[in-house]
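> Sequence and predicted structure below; questions after.
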Amino acid sequence: MRIVPSEEIAGRLVTFQAGLKKLGVHAAILRQNTDLYYFTGTVQDGYLIVPAEGQPIFAVRRDVQRAQQQSPLRPILPLGSLKELPGLVEEAVGVPAPRTLGLELDVLPAATFFFFDEKLLPKDHLVDVGGLIRQIRMVKSSWEISMMREAARISHAVAQAVPDLAREGMGEWELMAELQRVALLNGHLGFSRVRAFNLEIFFGHILSGPEAATPSYADAPTGGAGISPAFGQGSGRRSLKRGDLLSVDTMMNHHGYLNDQTRNFSLGAPHPVLRDTYRLCRDLHQWLRENAKPGAVTGELYDSAVALVEKAGKRRHFMGPEDSGVSFLAHGLGLEVDELPFIARGQKMVLQEGMTLAFEPKWAFPGLGIVGYENTYVVTRDGLDSLNITPEDLVVI
């Protein structure tokens, strides 16, 4: 089993503690699985108490032994009851209440917050540290980048399998199942974590033909109809037909770290509109590689990219069917699908070296289908470096 290196955990905690001290927060109490994994290396059921100064304490409800095997952090203590948590907070902070304590209020259920605020820690002032955590996590270490490169290798294996598996008359759902098997056998963990409320991610969107342009209920440029309104996105019961453009959009997970990739395949010669639009997509990727350097402002990149699309006469149906398109071109990626930064309308975040993002310029033409591909990039001092190794050609099957 791969263990998160101890120097990774130590460096993250030092950065987090410096941020807490700057905000005037005495300590943070972390509960969400992604944040627990990031700061401890395990997702055992527990609470991580991180003081602004001093030794963090990981109080685990279950399973302490697995937590000690998987995490380099110490001490890891058993937590028999939540009633013990206030005493552990006081031990970590070194001062009694009232104190300012940080919680992940962007993801913590309201009922849990009220329990902490009114019953467990009623004398303390509770504030949000979710934003601080997201800012720390958006800049990746070389070890994290190596994990994301391994996830990209799984994406490559999936894309490479498409020409041998996809055939006329095959159902989208069947193809998705076959590709999922390839992914799992190559190390995909089978799920992807997200931070936003009600945002749900499956294996990916394997979509074909005109139905691929079905508007998404989620904040995504493409979605598909799915097979049930209970999860109305992704592959449907449709069978592949000659002339279809097939979009294979997958989210692969290696050791918790994600890779987002979309590649296009055509069963026979692609429709001229889709073929010509694909060329523009390649131009946009090249433009972004050259211009998304440290210091670039995300909202300005968005405006410039949209201007290029307008100049090419392709603004209509860009980033979703007309009247339902999204207002972003790229989203951050790492342990979660929706990390910072976003290349989106109105954003003012400045790119930094080590940020990772998935750039997905796509078009959804009603009655025709969807086209556009996606890479996961890391920001370097010279521009963007693609973590994906799959060729970017539109493959004719």
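Alright, I've got the coordinates.
> Help me confirm that residue 268 comes into contact with residue 240.
No - judged on Cβ atoms under 8 Å, residue 268 makes no contact with residue 240 at a distance of 10.7 Å. Every residue, glycine included, has its C-beta placed from N, CA and C.
> Then residue 89 would be within a strand, right?
No - with DSSP: H, G, I helix; E, B strand; the rest coil as the criterion, residue 89 is helix rather than part of a strand.
> how's this protein carved up into domains?
Following automatic domain parsing, one gets these domains for the chain: 6-137, 142-396.
> wait, doesn't residue 97 sit right on residue 124?
Yes - counting by Cβ under 8 Å, residue 97 does reach residue 124; the two are 5.0 Å apart.
> Now do the SS call for residue 61.
Secondary structure assignment for residue 61 (three-state DSSP): strand.
> Do I have it right that it meets residue 36?
No - with contact defined as Cβ under 8 Å, residue 61 does not reach residue 36; the gap is 11.8 Å.
> More neighbours: which of the two?
Taking other Cβ atoms under 10 Å, residue 61 and residue 36 do not tie; residue 36 has more neighbours (23 against 15).
> For the domains of the chain, could you give me a markdown table that also reports mean pLDDT?
What follows is the domains of the chain, written out as a markdown table (pLDDT from 0 to 100):
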| stretch | mean pLDDT |
| --- | --- |
| domain 6-137 | 97 |
| domain 142-396 | 95 |
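> count of neighbours near the residue nearest to residue 360 when sequence neighbours are not counted?
Of all residues not flanking residue 360 in the chain, residue 374 sits nearest, at 3.8 Å (Cβ to Cβ, 6 or more residues apart in numbering). Neighbours of residue 374 under the rule other Cβ under 10 Å: 24.
> gap between residue 374 and residue 49?
According to Cβ to Cβ, to the nearest Å, residue 374 and residue 49 sit 39 Å apart.
> can you check residue 202 too?
34 Å.
> Neighbour count: these two, which is higher?
residue 49 (24 against 17).
> That one falls within a strand, correct?
Yes - according to three-state DSSP, residue 49 belongs to a strand.
> Who does it form a beta bridge with?
Applying DSSP bridges to residue 49 gives these bridge partners: residue 29, residue 57.
> Which residue of residue 268 and residue 240 possesses the greater neighbour count?
It is residue 240, of residue 268 and residue 240, that has more neighbours when counted by other Cβ under 10 Å, with 22 against 13.
> Hmm, residue 172 and the more buried one touching each other?
Yes - counting by Cβ under 8 Å, residue 240 does reach residue 172; the two are 7.1 Å apart.
> so where do the strands sit in the stretch 1-150 of the chain?
27-30, 45-51, 57-62, 76-78, 100-103, 125-128 (DSSP state E, counting those that start in this stretch).
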